[in-house]
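Visitor: Model the following, please.
(one chain, ligands or ions: 1)
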Amino acid sequence: MGANRQKSVDFRGRYTPEAAGAAVSGAEDPAGSRSHNLLLRRRASLMQEPVLVLNATYEPINVTAVRRAMVLMLKGVAQAEELHNSEVHSASHAHRVPSVIRLLAYRHIPQQSRALSRKNILLRDRNTCQFCGDVFPSSELTLDHVVPRSRGGRSSWENLVACCYRCNNGKGDRTPEEAGLKLARRPRPFTLHTSRQLMRLIGHRDERWRKYLFY
Ligand SMILES: [Zn+2]
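Guide: Here you go, the predicted structure:
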């Protein structure tokens, strides 16, 4: 989710100057910097919680983070359809955190709309190393060129997989066959079908997503 954070517009700075002191509701404790740090960490993780994005037609099209979703709402691009129990507040306002948002203008989604990116490849591979099959946090995964670049392997959906550092080091500049490794499954482009599967997977954590995803 790190890449996602970098891409999103600075929520506090650019769109809500009054939210500069935004904090998770009920957790305010002015005494002591340790509890302040705890508060900041809690707020940071809340801002990274997944939010389901619906098209204007209520069709689920994406998953984003709370931070990005709130930017879209503040810009008037989207509105909240379902709200989280938590809220962030500033000196003057409390904002309920969205769980599902809907774009106000219809957005045409081309058949293959997913950009080839580290984030999307990790999503497609569900943060699972495609060689040893273990699940890792994003920070502990790298992208492996199945056919190494030095051997003409391209940076494409079909040639990039999520890979832990241990397997990546073990593989080196070799093909999986040469290194005695086997791919968990053949890498494919990220289709709308794939992403809906993933939205359902993530949606199992949030009851409020159900009616948009399970039909
Ligand atoms: Zn591995």
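
Visitor: Can you check which strand is longest in this protein?
Guide: strand 78-89 (DSSP state E).

Visitor: Please enumerate residues in contact with it?
Guide: 19, 22-25, 43, 46-47, 49, 52-54, 66, 69-70, 72-73, 94-104, 208-209, 212 (C-beta atoms under 8 Å, 6 or more residues apart in numbering). Where you see a C-beta, it was placed from the backbone N, CA and C, and this is true even at glycine.

Visitor: Buried only: go through those for me.
Guide: Buried subset of these (neighbour count, 16 or more other C-beta atoms under 10 Å): 19, 22-25, 43, 46-47, 49, 52-54, 66, 69-70, 72-73, 95, 97-103, 208-209, 212.

Visitor: Quick check: residues of the chain near the ion?
Guide: Within the chain, the positions near the ion by C-beta under 5 Å from the ion are C129, F131, C132, C164, C167.

Visitor: Quick check on the third one: phi, psi?
Guide: For C132, the backbone dihedrals are phi -100, psi -10 (criterion: degrees, to the nearest 10).

Visitor: Give me the spatial nearest neighbour of it, chain neighbours excluded.
Guide: Spatial nearest neighbour of C132, chain neighbours left out: C167 (5.3 Å); criterion: C-beta to C-beta, 6 or more residues apart in numbering.

Visitor: dump the residue contacts of that neighbour.
Guide: C129, F131, C132, D144, L181.

Visitor: Restricting to C-alpha, output the helix or strand that comes right after the longest strand of the chain in PDB.
Guide: As assigned by DSSP states H and E, the chain's next helix or strand after strand 78-89 is strand 94-103. The C-alpha coordinates for strand 94-103 follow below in PDB (Å, rounded to 0.1, in the frame of the first residue of the first chain):
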ATOM      1  CA  ALA A  94     -16.000  15.100  12.600                       C
ATOM      2  CA  HIS A  95     -15.800  13.100   9.400                       C
ATOM      3  CA  ARG A  96     -17.200   9.600   9.300                       C
ATOM      4  CA  VAL A  97     -14.800   7.400   7.400                       C
ATOM      5  CA  PRO A  98     -16.300   5.900   4.300                       C
ATOM      6  CA  SER A  99     -16.400   2.100   3.700                       C
ATOM      7  CA  VAL A 100     -18.000   2.300   0.200                       C
ATOM      8  CA  ILE A 101     -18.000   5.300  -2.100                       C
ATOM      9  CA  ARG A 102     -19.600   5.900  -5.500                       C
ATOM     10  CA  LEU A 103     -18.400   8.100  -8.300                       C
END
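
Visitor: Fine by me, thanks again.
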